[in-house]
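Colleague: Here's a sequence, model it:
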Amino acid sequence: MENWLATQLSPRIDFNIFEFEYHEMNFALFRIHASSGTPVSFKGKAFIRIGTYKKPLSEHPEKERQIWSSNKHYHFEKEVTVNNLSEDEVLNLIDYPGFFELFQISLPDNRRGIIEKLKQEKVIKEVHKEYSITNLGAILFAKDINEFEYLARKALRVVIYEGTNKIESKKEQLGKRGYAIGFEGLIKFIEDKLPSKEIIEKAFRKKVTVYPILAVRELVANALIHQDFSVKGSSAMVEIFDDRIEITNPGKPIIDPLRFVDHSPESRNEILARVMRRLNICEERGSGIDKVIFECEKNGLPAPEIIAGDNYTRIILYGNKSLNEMKKQDKIRSCYLHSCLKYVNSEPMTNQTIRERFNIQEVNAAIASRIIRDTVDADLIKLEDPDSSSRKFTRYIPFWA
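Modeller: Reported below is the predicted structural model:
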């Protein structure tokens, strides 16, 4: 029954069934973790109990509003993942030397000082001289995330495939340490597995990855920060193919993917995001995706593709492609995101900037015009001044501007 239920629920929330005997009677106890942010549906339909009756949730929108209103102050990071620990047990589970190193503060010379700092940063809680580790503390600073039953499934996976499909994998690596403690090692591992090329710089050969590592770093950090922790059996994942990198996190984005560049940042896990920013693991608020697009343009790569599924968000970084190798959608997406980047930087997008973006010679300006026209037809950009009669100096802005 447990497996059958899990396959019928969306999102796949965490639950357990415990069977036991009491007073010569058999019991089955269901432990269900509360959903946050989205209703759980069974076979695609969400239900609610009204009195003694089970009713479709869609028929009672006022009840749904009440549920999420009462739940709006829930923070995954503040919840406790393990209770009733001694100081020794806390220090065995949390990588406290790494914690102090990341915060760039001196390691106290006594245990009390260490415990007090962990409490101050909400890594642990103290109740009656016993300690609890919060989700925030475990997910960021665990020595071994597998020691935490519920969070063990949230370790990031890196899969390297042979070729351009998922038929054959060459290597798979599952993260073990907390996100913050293991982040630099994770990025170094990914960088070592990426295709690279040699360039000559000041008479010396230098090996650089095909993909801008700054973009990879930012997207991996975003996948960890913005994931929906209520989705069961799924974790953030990096998949490396011969021609692209796919970075996926559980949970549908709470911002329209077309507005990732200009929209003020929102996160399901704001406390987690705040700590990651303090540790310089991710960029300042709102600037991350801009840098990803800029790095792609700087390196002559197609713009990243953002896919919002029912229960996941995926961003794809594509490898080197000539203009002729790019599909029409690649060009339209790159043109649109180029216009977004220009707009948020208070610069115009023109035929000239598109030529520079795609490395098109001036004699082939008509090619740039065709890309712009296709993007206009896709309703992604528009004329800055519809009444202007000039075509040579026409400026374009995103559709939402």
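
Colleague: just the helices in the protein please.
Modeller: Applying DSSP state H to the chain gives helices spanning 2-8, 61-70, 87-93, 96-102, 111-120, 135-141, 179-193, 213-226, 270-278, 288-298, 328-344, 351-358, 365-377.

Colleague: Tell me which of the ones you listed is the most buried.
Modeller: Of those, the one with the most neighbours on average (mean count of other C-beta atoms under 10 Å) is helix 135-141, at a mean of 26. The way it works is simple: take the backbone N, C-alpha and C, and place the C-beta from them, glycine included.

Colleague: what does that helix contact?
Modeller: For helix 135-141, the external contacting residues (C-beta atoms under 8 Å, 6 or more residues apart in numbering) are 76-82, 93-96, 98-99, 118, 121-124, 145, 148, 151, 154, 178-181, 229, 271-272, 275-276.

Colleague: can you check stretch 24-36 too?
Modeller: 11, 13-21, 71, 74, 76, 150, 230, 268.

Colleague: Stretch 4-14 too?
Modeller: Outside stretch 4-14, the residues that touch it by C-beta under 8 Å, 6+ apart are 15, 32-33, 35, 38, 40-44, 150, 228, 230-234, 250-251, 310-311.

Colleague: out of those, which are buried?
Modeller: For the contacts of stretch 4-14, a burial check counting by 16 or more other C-beta atoms under 10 Å picks out 35, 38, 40, 150, 228, 230-232, 234, 250-251.

Colleague: now, which of those lie within strands?
Modeller: Residues of those located in strands (DSSP state E): Pro250.

Colleague: TSV please, covering the buried ones among the contacts of stretch 4-14 and showing pLDDT.
Modeller: Formatted as TSV, those follow (pLDDT from 0 to 100):
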residue	pLDDT
Ser35	67
Thr38	69
Val40	83
Tyr150	83
Asp228	89
Ser230	81
Val231	80
Lys232	74
Ser234	84
Pro250	92
Gly251	88
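
Colleague: wait, Tyr318 sits on Arg333?
Modeller: No: counting by C-beta atoms under 8 Å, Tyr318 sits too far from Arg333 to count as a contact (10.0 Å).

Colleague: Residues that sit against both of these two, list them.
Modeller: With contacts defined as C-beta under 8 Å, 6+ apart, the residues shared by Tyr318 and Arg333 are 302, 305.

Colleague: which residue sits closest to Ile213, ignoring its sequence neighbours?
Modeller: Setting aside the residues directly before and after it, Ile213 is nearest to Glu191 in space (C-beta to C-beta, 6 or more residues apart in numbering), at 5.5 Å.

Colleague: Report the contact partners of the one you found.
Modeller: Neighbouring residues of Glu191 by C-beta under 8 Å, 6+ apart: 209, 213, 216.

Colleague: Present these as CSV; the columns should include distance to Asn359 and pLDDT.
Modeller: Compiled in CSV, the contacts of Glu191 are given as follows (distance: C-beta to C-beta, whole Å; pLDDT from 0 to 100):
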residue, distance to Asn359, pLDDT
Thr209, 20, 80
Ile213, 22, 92
Val216, 22, 94
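
Colleague: Out of these, flag the one nearest to Asp256.
Modeller: Val216 (23.8 Å; C-beta to C-beta).

Colleague: wait, doesn't that closest one sit right on Ile240?
Modeller: No: Val216 lies out of contact with Ile240 (C-beta under 8 Å); the separation is 9.8 Å.

Colleague: re earlier: I'd like the contacts of Glu191 as CSV, with distance to Thr350 appended.
Modeller: Shown next, in CSV, are the contacts of Glu191 (distance: C-beta to C-beta, whole Å):
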residue, distance to Thr350
Thr209, 31
Ile213, 30
Val216, 30
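
Colleague: May I have the beta-bridge partners of the residue nearest to Lys54 when sequence neighbours are not counted?
Modeller: The shortest distance from Lys54 to any non-neighbouring residue, by C-beta to C-beta, 6+ apart, is to Phe47 (5.2 Å). Under DSSP bridges, the beta-bridge partners of Phe47 are Pro56.

Colleague: what about Phe47, neighbour count?
Modeller: Using other C-beta atoms under 10 Å, Phe47 is surrounded by 17 other residues.

Colleague: which residues sit in contact with it?
Modeller: Going by C-beta under 8 Å, 6+ apart, Phe47 touches 54-57.

Colleague: Counting neighbours, which of the residues you listed end up buried?
Modeller: Among the contacts of Phe47, those classed as buried by 16+ other C-beta under 10 Å are Leu57.

Colleague: out of the contacts of Phe47, which one sits closest to Gly113?
Modeller: Nearest to Gly113 among the contacts of Phe47, with distances taken as C-beta to C-beta, is Leu57, at 49.9 Å.

Colleague: Skipping its backbone neighbours, what lies nearest the closest one in space?
Modeller: For Leu57, ignoring the flanking residues on the chain, the nearest one in space by C-beta to C-beta, 6+ apart is Ala46 at 4.0 Å.

Colleague: what about that neighbour, neighbour count?
Modeller: Counted with other C-beta under 10 Å, Ala46 comes out at 15.

Colleague: what's the pLDDT at it?
Modeller: Per-residue pLDDT puts Ala46 at 88.

Colleague: Tell me the backbone dihedrals of it, please.
Modeller: Backbone torsions for Ala46, taken as degrees, to the nearest 10, come to phi -100, psi 140.

Colleague: shared neighbours of Val216 and Ile240, anything?
Modeller: By C-beta under 8 Å, 6+ apart, the residues touching both Val216 and Ile240 are 190, 194.

Colleague: quick one on the thing from earlier: same list, the helices of the chain, but as TSV with distance to Asp387 please.
Modeller: Listed next are those as TSV, based on distance: least, C-beta to C-beta, whole Å:
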stretch	distance to Asp387
helix 2-8	56
helix 61-70	44
helix 87-93	66
helix 96-102	55
helix 111-120	59
helix 135-141	54
helix 179-193	49
helix 213-226	38
helix 270-278	43
helix 288-298	30
helix 328-344	19
helix 351-358	19
helix 365-377	16
